[in-house]
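Asker: I would like to see how this sequence folds:
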Amino acid sequence: MIRLEINYSKRNIGVPVYIWNKNKNKFEKVLALFDTGAHTCSIDSDLFHRLGYNLDDAIKSFITTATQTNEEVRRVRVEKIMLGDTEIESVLFNTFEFPLVSHQVILGMNVIRHFKLEMDFKEKLITMFENYLDENSDFYDTDIFGDWRMERSRIL
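Answerer: Residues are numbered from 1 along each chain as shown. This next block holds a predicted model:
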């Protein structure tokens, strides 16, 4: 079970996410937009570089956002992220340079869809329960980059 405190400071549902910083060899805390309308997680390209990653082998793609159509992004893998005390390896992210985004990271459905959620807006808390999908599920293996494992860990 994962418990994420909701942060409304940017007038959206923000949650703490820890992203692996390759330069410092440890997790770095960022406030991510919890976005069930986003198919894939996203990260600001400047933040992506500061965390020690590069775009050398990134695949170019085009997406549609709530405000723009055919926005160019690069598809990249982040070594690992942590939600609460659950570590998730090799997560697909789109990089972006969108000027209107209120958060540098968007937590999208390629991660969220693997959990049963309870959202308590009064207590400002999202509780996520592991919800492993079986081969007969409509969502099983629909995301070509969704091949990640979950492991219990502690923040270093």
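Asker: quick one: find the helix or strand in the chain with the lowest mean pLDDT.
Answerer: Here the helix or strand of the chain ranked lowest by mean pLDDT, DSSP states H and E is strand 150-152, holding a mean of 42.
Asker: how many neighbouring residues does the residue lying closest to His49 once chain neighbours are set aside have?
Answerer: The shortest distance from His49 to any non-neighbouring residue, by Cβ to Cβ, 6 or more residues apart in numbering, is to Leu55 (8.0 Å). All C-beta spots, glycine's among them, are computed from the backbone N, C-alpha and C. Using other Cβ atoms under 10 Å, Leu55 has 14 neighbouring residues.
Asker: for Ile63, same thing?
Answerer: 17.
Asker: would you agree it is in contact with Val73?
Answerer: Yes - using Cβ atoms under 8 Å, Ile63 is in contact with Val73, at 5.6 Å.
Asker: just for the chain, where's the confidence low?
Answerer: 64-69, 98-101, 132-156 (pLDDT under 70).
Asker: what residues are shared contacts of Ile63 and Val73?
Answerer: Asn94 (Cβ atoms under 8 Å, 6 or more residues apart in numbering).
Asker: follow-up on the earlier one: so the residue nearest to His49 is in which element?
Answerer: Using DSSP states H and E, Leu55 sits in no helix or strand.
Asker: so it sits against Val73, correct?
Answerer: No - Leu55 is beyond contact range of Val73, at 10.4 Å (criterion: Cβ under 8 Å).
Asker: what residues are shared contacts of those two?
Answerer: Thr95.
Asker: so for the protein, the centremost residue is which one?
Answerer: Leu107 (3.2 Å; Cα atoms, centre = their mean).
Asker: check which helix or strand covers the residue lying closest to that one once chain neighbours are set aside.
Answerer: Nearest residue to Leu107 in three dimensions, chain neighbours excluded: Ala32, at 4.5 Å (Cβ to Cβ, 6+ apart). Per DSSP H and E, Ala32 falls inside strand 26-34.
Asker: which residues are in contact with the residue nearest to Leu107?
Answerer: Gly14, Val15, Pro16, Val17, His103, Val105, Ile106, Leu107.
Asker: which of these fall within strands?
Answerer: Gly14, Val15, Pro16, Val17, Val105, Ile106, Leu107 (DSSP state E).
Asker: nearest to Asp44, of those?
Answerer: Val105 (7.3 Å; Cβ to Cβ).
Asker: partner residues bridging the closest residue to the closest one other than its chain neighbours?
Answerer: Leaving aside its sequence neighbours, Val105 sits nearest to Ala32 (Cβ to Cβ, 6+ apart; 4.0 Å). Beta-bridge pairing for Ala32 (DSSP bridges): Val15, Val105.
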